[in-house]
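Visitor: Predicted model and sequence follow; I will ask about them next.
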Amino acid sequence: MIIWYIIFDMDTENNSFDGALEVRCWSCKAAIDAEDNFCRVCGKGRKKCISWYYTHWGAVILTFMFGPFSLYFIWKSPVLSDTAKWIYTAIIFLITWQAMVVTHNLWVFIQQFMGQSFVY
């Protein structure tokens, strides 16, 4: 019951609505109109007007372009669920780890091929 009052901003004296749900910007948390496509404070998009790099395809493209640096946009995304964010994080971690292992093995191979000793 308490959650109902918090969510719908009920007047406890006469149990009437004060109005509709207040919509907040996902980025700056400012109050905005339900009909707005963009936040009037920070300019971030809502609904269909969200930037491409916050979508699922944007996460994939950014991962191939920037590797683990794409995690910043993945975790800031209002489109992706928390489960999707954790899945993307795990996949990016595994890809990054595998790339580091392959790079290290290539370096060791080149060092051995060139006849130089490799000291750790």
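Guide: Nice, thanks for sending it over. Numbers count the residues shown, from 1 in each chain.

Visitor: Quick check: which ranges of this structure have low pLDDT?
Guide: Applying pLDDT under 70 to the chain picks out residues 1-21, 26-27, 43, 46-48, 116-120.

Visitor: Tell me how it divides into domains.
Guide: The record assigns the chain these domain ranges, following automatic domain parsing: 1-49, 52-120.

Visitor: For these, could you give me a markdown table that also reports mean neighbour count?
Guide: C-beta: built from backbone N, CA, C; applies to glycine. Shown next, in a markdown table, are these (neighbours: other C-beta atoms under 10 Å):
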| stretch | mean neighbour count |
| --- | --- |
| domain 1-49 | 11 |
| domain 52-120 | 13 |
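
Visitor: so F66 sits in a helix?
Guide: Yes. F66 forms part of a helix when assessed by DSSP: H, G, I helix; E, B strand; the rest coil.

Visitor: what's near enough to touch it?
Guide: For F66, no contacting residues are found, by C-beta atoms under 8 Å, 6 or more residues apart in numbering.

Visitor: Now do the strands in this structure.
Guide: Under the criterion DSSP state E, strands of the chain are mapped to 10-11, 16-17, 23-24, 31-32.

Visitor: Tell me the gap between the helix ranked longest in the chain and the middle of its chain.
Guide: Longest helix in the chain by number of residues (criterion: DSSP state H): helix 82-113. Taking C-alpha atoms, centre = their mean, to the nearest Å, the mean C-alpha location of helix 82-113 is offset from the chain mean by 21 Å.
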